[in-house]
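1. any chance you can model this:
(one chain, ligands or ions: 1)
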Amino acid sequence: MQRYFVPPDQLLDEKLVIRGDDVHHIVRVMRGKPGDELIACDGEGRCVRARIVRLDAQEVEAEVLEPLVERRELPIEVTIAQGLPKGDKLEWIIQKGTELGMAALIPFCSERTVVKWEAKKEEKKRERWQKIAKEAAEQAHRCRVPRVEPPVGFAELLDLAKRHTACAIAYEQENTTSLRTVLERVAPGDSLCVLIGPEGGFTAAEVARAEQAGILPVSLGPRILRTETASQFVLAAVSYHFEC
Ligand code: SAH
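-> Now for the predicted structure:
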């Protein structure tokens with residue numbers, strides 16, 4: 001059944017209203033009509049089965065039939081801190097990361113970041129990233145939409161990262177500690193933040209700063225992964241460790 005995310009204040013106990021791009025999808029793509037059923041989620045974990053009662057080009061109104069209890073989210077809340085990559089790689093990372101259960105993404109700039117981050121264009125880009133996350137979450141039948149945070153500098157990132165139950169920095173020169181060590185320290189309900197460097201990786205000084213902030217350098221295995229692969233490896237490993 002098709003799934004749509006609606007703002008929490010549009011998803012009431014008995015009815016819900018869908019507006020925006022999803023209306024086009026329901027009316028034109030799905031050729032929806034009164035009586036058709038759909039799943040609506042508030043993006044924060046609450047999902048319901050609902051039946052369309054009225055629709056026009058602007059909005060779709062549906063009656064709530066029953067709450068849905070689903071286990072679609074990773075038992076650990078995983079935040080990926082991603083060094084801003086070149087081109088449209090971040091869009092790919094958001095789409096695939098959402099499929100794999102990412103809870104949030106924090107893009108950051110560090111010493112070896114090559115893309116220039118233009119604050120003026122920032123809001124438009126972030127809106128686009130958030131839209132990609134929403135559409136991927138619908139497609140993946142998730143109950144939550146990952147948050148895409150505004151890009152931050154390295155110092156601010158360390159501050160944000162420390163707020164999680166556990167935090168690791170993926171570093172290809174780390175030979176002794178692996179991601180597994182971190183996964184063995186967290187339990188369902190905990191939050192985990194993993195820092196992934198941009199194409200050029202982290203400098204040794206950045207890794208040292210992270211370590212001073214209590215962030216553990218970890219290996220993601222014997223091969224060097226591209227920046228866009230590293231985040232996906234982390235998410236798949238969390239799923240394998242806790243869900244498979
Ligand atoms: N500096 C390197 C690789 C950068 S890869 C070079 O240019 O050769 C980009 C990022 O992916 C790294 O900063 C790291 O966070 C992550 N990464 C890739 N492979 C990894 C591995 N085997 N172990 C840990 N982290 C890895």
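2. next, the buried residues of the lowest-mean-pLDDT helix or strand in the chain.
-> When each helix and strand of the chain is scored by mean pLDDT, DSSP states H and E, helix 119-139 comes last, with a mean of 91. By 16 or more other Cβ atoms under 10 Å, the buried positions in helix 119-139 come out as 125, 129-130, 132-138. (Each C-beta comes from the backbone N, C-alpha and C, glycine too.)
3. where's the closest residue to Leu225 other than its chain neighbours relative to Pro7, distance?
-> Closest residue in space to Leu225, ignoring its immediate chain neighbours: Phe233 at 6.0 Å, by Cβ to Cβ, 6 or more residues apart in numbering. Spatial separation of Phe233 from Pro7 under the definition Cβ to Cβ, to the nearest Å is 33 Å.
4. helix or strand next in line after the host helix or strand of Val53, which one?
-> Secondary structure from DSSP states H and E places Val53 in strand 47-55. Next helix or strand after strand 47-55 toward the C-terminus (DSSP H and E): strand 59-68.
5. contacts for the helix or strand following that following strand next, please.
-> The helix or strand immediately downstream of strand 59-68 is strand 77-83, counting by DSSP H and E. Applying Cβ atoms under 8 Å, 6 or more residues apart in numbering, the contact partners of strand 77-83 are 90, 93, 97, 101-110, 112-113, 157, 160-161, 164, 190-199, 202, 227, 231, 234-235, 238.
6. what's the answer for stretch 159-168, then?
-> Contacts of stretch 159-168 (Cβ under 8 Å, 6+ apart): 77, 79, 81, 106, 149, 152, 179, 182, 185-186, 190-195, 210, 213-218.
7. likewise stretch 237-244?
-> In contact with stretch 237-244 (Cβ under 8 Å, 6+ apart) are residues 74-76, 78, 100-101, 179-180, 183, 188, 192.
8. next one: that stretch to chain centre, how far?
-> 17 Å (Cα atoms, centre = their mean, to the nearest Å).
9. do that stretch and the ligand meet at all?
-> No: using Cβ under 6 Å from any ligand atom, stretch 237-244 never reaches the ligand; the gap is at least 11.5 Å.
10. tell me who's in contact with Glu91.
-> 128-129, 132.
11. contact residues of this structure facing the ligand?
-> So far as Cβ under 6 Å from any ligand atom goes, the chain lies against the ligand at 170-172, 196-197, 200-202, 219-221, 223-225, 227, 230.
12. the chain: helices as residue ranges?
-> 21-24, 89-99, 119-139, 154-161, 179-183, 204-212, 227-243 (DSSP state H).
13. am I right that Thr181 is in contact with Pro217?
-> No: applying Cβ atoms under 8 Å as the test, Thr181 and Pro217 come out as separate, 10.5 Å apart.
14. what about those two, which has more around it?
-> Just comparing Thr181 and Pro217: by other Cβ atoms under 10 Å the higher neighbour count belongs to Pro217, 20 against 14.
15. now do the contacts for that one.
-> 168-169, 171, 174, 177, 207, 210-211.
16. next one, pLDDT for it please.
-> Reading off the confidence values, Pro217 has pLDDT 98.
17. about what we covered before: from the buried residues of helix 119-139, pick the one nearest Val69.
-> The closest of the buried residues of helix 119-139 to Val69 turns out to be Ala137 (Cβ to Cβ; 17.7 Å).
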